[in-house]
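> What follows is a predicted protein model with its sequence.
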Amino acid sequence: MSYREHGMWEILDVLKRIHRGEKRRRIEAVTGRSRKAIGRYVEVATELGWVAGIHEPDEQLASEVVAKLRPGPKEPVASSEKVLAPFKEQIEQWLEPHGDYKSGLKLTKIHGLLKRRNVDVSYWSLRRFAQKLPPPVKLRSTFGYLERSTKVA
């Protein structure tokens, strides 16, 4: 069975037919929606406080049903800061100047090193994370480098 999108107007039509007391088999024949889908619409609408036969369904109810039935992640995606937090000390070490070098590794190099460790964040997320490192370390962006300045402004 293929995926069929739930449109607000189609759901509103189904809920109005349920409200009028039509049988689900008849609604299935007329609208082309399966009885299982019709049951999901009614179940979600009931969870939202709709009572068939008493309350007339409206566009607001139908749009809320659509929002509940929309596929996709229900939980927010993990922020890149939470993903990068365990690697904070390592990132600070990589940014530290070593030996005769006046700056540490480039962020593009650090991004590659993190990818090797299966840390999936964008370059820009890494850059925002690096710029938020605590004082007294101050970062200055210069063409792909984040340089640490020990001068306190």
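Yes, it's here.

> C-alpha only now, for contacts and for neighbours.
OK.

> What helix or strand is the closest residue to Y123 other than its chain neighbours located in?
Nearest residue to Y123 in three dimensions, chain neighbours excluded: H111, at 6.2 Å (C-alpha to C-alpha, 6 or more residues apart in numbering). Using DSSP states H and E, H111 sits within helix 107-116.

> how far is that helix from where the chain is centred?
24 Å (C-alpha atoms, centre = their mean, to the nearest Å).

> Tell me the buried residues in it?
Neighbour-count burial for helix 107-116, counted by 16 or more other C-alpha atoms under 10 Å, picks out L107, I110, H111, L114.

> Adding distance to F129, write those residues out as a markdown table.
Converted to a markdown table, these look like this (distance: C-alpha to C-alpha, whole Å):
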| residue | distance to F129 |
| --- | --- |
| L107 | 11 |
| I110 | 12 |
| H111 | 12 |
| L114 | 13 |
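
> and which of those is nearest D120?
Nearest to D120 among the buried residues of helix 107-116, counting by C-alpha to C-alpha, is L114 at 7.6 Å.

> No more questions from me, cheers.
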